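Participant: Need coordinates for the below:
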Amino acid sequence: MSSHAVPGDSSSSMVDSLNRPGWLTFAAIVLFSVGFMRVISAIYYFADSNRVNNLTFGAFGSHLFLWGIWDLVIALLAVWAGWSLLQGETFGRVIGYGWAIIVIVQSFTIISYAPWFAFASLVLALFVIYGLSVAGDWRSPEPAAL
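Facilitator: Numbers count the residues shown, from 1 in each chain. Just a heads-up that it's a prediction; the model follows:
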């Protein structure tokens, strides 16, 4: 019995997919985390929780149900992008870059109010951009035909 992978073997494609760059996996995990936290935030909005700040002057006004829908859309997009990154697809890269750019802009707008949070968010977004750019040429190997 040989320990070498057979070209049509499904276990060899599983091993090949584990050869994805670590920085790309990091970016995917960050997007999964964003999605998970947005689901929790949406639950707070749907429950009309006391933990929600005054959003009267926000885009949806004081309609917490709409804010909850917004957070669920962002959560879905983030989880989908994370999954896409793990599969080596372009969609995840585009959403990852877009997310990081938005976080960088937001970090500069809130740096005078919450400097540590803004700085941590800025560094995390820069790491995501670095991870996506370093692993820019990696694609998931295509499964072999039977």
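
Participant: low-scoring pLDDT stretches of this structure, where are they?
Facilitator: 1-18, 49-63, 138-146 (pLDDT under 70).

Participant: Can you show me the helices along it?
Facilitator: In the chain, the helices defined using DSSP state H lie at 10-17, 22-46, 64-87, 90-110, 115-134.

Participant: okay if I get these as CSV plus mean neighbour count?
Facilitator: Every residue, glycine included, has its C-beta placed from N, CA and C. CSV is the format used below for these (neighbours: other C-beta atoms under 10 Å):
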stretch, mean neighbour count
helix 10-17, 13
helix 22-46, 18
helix 64-87, 19
helix 90-110, 16
helix 115-134, 16
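
Participant: Tell me the spacing between the spatially most central residue of the chain and residue 73.
Facilitator: Nearest residue to the geometric centre of the chain (C-alpha atoms, centre = their mean): residue 31, 1.5 Å. According to C-beta to C-beta, to the nearest Å, residue 31 stands 14 Å off from residue 73.

Participant: now swap in residue 85 and tell me
Facilitator: Residue 85 is 19 Å from residue 73, by C-beta to C-beta.
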